[in-house]
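Undergrad: Provided below are the primary sequence and the corresponding predicted coordinates.
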Amino acid sequence: MADNNGEFSNCLTHFVDNGSVESHRYYLARKTLFELLNDRGYAVPNSELTRSLPEFRAEFGQKPDPLSLRICVPLRVDSSSKILVTFGGTEEIKKGNIFTIFSQVIHKEILHRIILVLQSKMNHHARKVVDEYPVKTEIFQISDLLVNITKHVLTPKHEKLTTQEKTCLLQKYQVKEHQENDAIARYHGHEKGQVMKVGYTAGLPSSLVTYRCVL
C-alpha cells in the first residue's frame, strides 16, 4: 500500500508547476497565438507549435520581457504580407504607449495586420489612435488567449460564406444583417459584415445550422 501511495505521489508531482505564474500565462497566450496564426494561413514554424513550457522558460525566463515575445510571420501564400503580434505590459495603455508601439514597427516591417495583446485597460485616447491607424489592428486581452477556444469539443463548426452566398442567404430569408461579436470570428480574424455558417453537431441534431454576421 505504501508503494502504491508513493507511486501516486510521484505521479502528482508531474502536475506541479514550480515556475512563475507570469511566465506560464505568457506561454499559454503565445502558444494560442501561434495556433491562431497557423489557422489563419500564416507561415508558423512547427517548433513554435510544439514548444513546451520548460523550453519557453529556458529562452524567455521566469519574467519575460513583453518586447521579446513579439511575433512577426508572413502569409504562406504571400510572403510580402506580414502580421505583427506585440504584447503590452501590465500598466494602463495610453496614447503614448500606442504611439511608441507603432513607431517601432513602421520602418522595420511592411505589415498588413497587427495584433495587440493587452493585460490591462486601454483608455479611449489610445483606442482612437488604434482605430485611425492605417494598418488593421486587432486587440486581444491576454486572458482570452490562455485557452484555444477552437479546440473545445462543444465548439460548433464555422464556415465563412462568400459574398455571393451571403447575398443569396439574405434574399432567401428576406432579412437584414444582424451583426454579432463572435469569439470564433475574432479568432479567425473575419472582417465586419462577413457571414458565418455555424453547424452544431455535439449533442445536437447534425441538421441544426445558424448564421451569424460578424460585428
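TA: Looks like it arrived, so ask away. These numbers come from a predicted model, not from an experiment.
Undergrad: when you work out contacts or count neighbours from here on, use the C-alpha atoms and nothing else.
TA: Will do.
Undergrad: domains of the chain?
TA: 2-147, 150-214 (automatic domain parsing).
Undergrad: can you tell me the strand partners of the longest strand anywhere in the chain and which way each runs?
TA: Ranked by residue count and defined by DSSP state E, the top strand of the chain is strand 111-118. Here strand 111-118 has these sheet partners by DSSP bridges: strand 82-87 (parallel), strand 136-141 (parallel).
Undergrad: and that strand, which residues are buried?
TA: 111, 113-118 (16 or more other Cα atoms under 10 Å).
Undergrad: CA atoms of that strand as PDB?
TA: The C-alpha trace of strand 111-118 is given here as PDB (Å, rounded to 0.1, in the frame of the first residue of the first chain):
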ATOM      1  CA  LEU A 111       2.600  45.000 -42.300                       C
ATOM      2  CA  HIS A 112      -0.900  44.300 -43.400                       C
ATOM      3  CA  ARG A 113      -2.200  43.500 -39.900                       C
ATOM      4  CA  ILE A 114      -1.200  43.900 -36.200                       C
ATOM      5  CA  ILE A 115      -2.400  42.100 -33.100                       C
ATOM      6  CA  LEU A 116      -2.100  43.900 -29.700                       C
ATOM      7  CA  VAL A 117      -2.200  41.600 -26.600                       C
ATOM      8  CA  LEU A 118      -3.100  43.600 -23.500                       C
END
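Undergrad: pLDDT of whichever helix or strand comes after that strand, averaged?
TA: Sequence-wise, the next helix or strand downstream of strand 111-118 (DSSP states H and E) is helix 124-132. For helix 124-132, mean pLDDT is 92.
Undergrad: could you list the residues in contact with helix 124-132?
TA: Residues outside helix 124-132 that contact it (Cα atoms under 8 Å, 6 or more residues apart in numbering) are 93-99, 137.
Undergrad: quick check: angle from that helix to strand 136-141?
TA: 140 degrees (axes from the mean of the first three to the mean of the last three Cα atoms, to 10 degrees).
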